[in-house]
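Undergrad: Fold the following, please.
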Amino acid sequence: MHSLLSRANALFAFTLTVTGVLAFGLFLTTFLYEQNGMVKINSAKATVKHLTEFGAGKKKNDIGFFNFDLDADLEPLFNWNVKQLFLYLTAEYTTPQNKLNEVVLWDKIVLKGQNYKLKMRNAKTKYFFWDDGAGLKANKNVTLYLTWNIIPNVGYLPNIPVDGAHRIVFPDQYSSSS
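TA: Just a heads-up that it's a prediction; the model follows:
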């Protein structure tokens with residue numbers, strides 16, 4: 001005859017196994033949902049300054065400034081398994097010193113149940129757009145990308161780049177640093 005503890009252990013192990021199998025099955029259903037979307041990114045006139053960056057050994061570096069518009073409908077991304085979205089806007093460009101530069105300029109967390117439609121007009125970047133030299137002046141190939149991480153209840157964390165990139169052209173002259 002099995003003891004009470006032995007029976008409780010068997011019941012607990014069975015319950016845990018069934019819960020794990022159900023969670024894995026539910027995770028597999030998330031592949032049926034669309035995880036990509038379209039966004040529209042626009043920017044206003046960009047300016048560049050050549051300033052001392054005190055965090056980088058008091059060296060003079062380029063810093064870029066611009067405002068941006070962002071339109072995105074995030075509602076199709078939310079399903080039963082999405083807890084929140086982490087959105088971030090990056091700028092990618094090349095310079096003679098570096099083959100690829102990536103700078104995060106803005107981010108936002110959208111929780112389930114919040115407003116899923118983003119309509120930002122004339123928004124400022126959340127983080128400074130520093131270059132590690134003089135690579136922004138006259139740079140004609142700075143591209144803005146919106147990417148999101150889907151934070152699920154169960155499963156892996158996909159990092160999804162979104163269609164709808166936008167190119168910025170920086171001027172040939174520095175604006176005044178005052």
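Undergrad: Only C-alpha atoms from now on, for both contacts and neighbour counts.
TA: Noted.
Undergrad: Sheet-wise, list the partners of the lowest-mean-pLDDT helix or strand in the chain with their directions.
TA: Every helix and strand of the chain was ranked by mean pLDDT, DSSP states H and E. The lowest is strand 159-161, at a mean of 81. Using DSSP bridges, strand 159-161 pairs in its sheet with strand 142-152 (antiparallel).
Undergrad: Quick one: distance of the partner strand to the chain centre.
TA: Here the centre of strand 142-152 is set off from its chain's centre by 3 Å, with C-alpha atoms, centre = their mean, to the nearest Å.
Undergrad: Dig out what V48 forms beta bridges with.
TA: G64.
Undergrad: how close does the residue lying closest to S43 once chain neighbours are set aside sit to N139?
TA: Of all residues not flanking S43 in the chain, F68 sits nearest, at 4.1 Å (C-alpha to C-alpha, 6 or more residues apart in numbering). Here F68 is placed at a distance of 18 Å from N139 (C-alpha to C-alpha, to the nearest Å).
Undergrad: before we move on, the earlier item: how many residues are close by the residue nearest to S43?
TA: F68: 17 surrounding residues under other C-alpha atoms under 10 Å.
Undergrad: I'm done for today, thanks for sticking with me.
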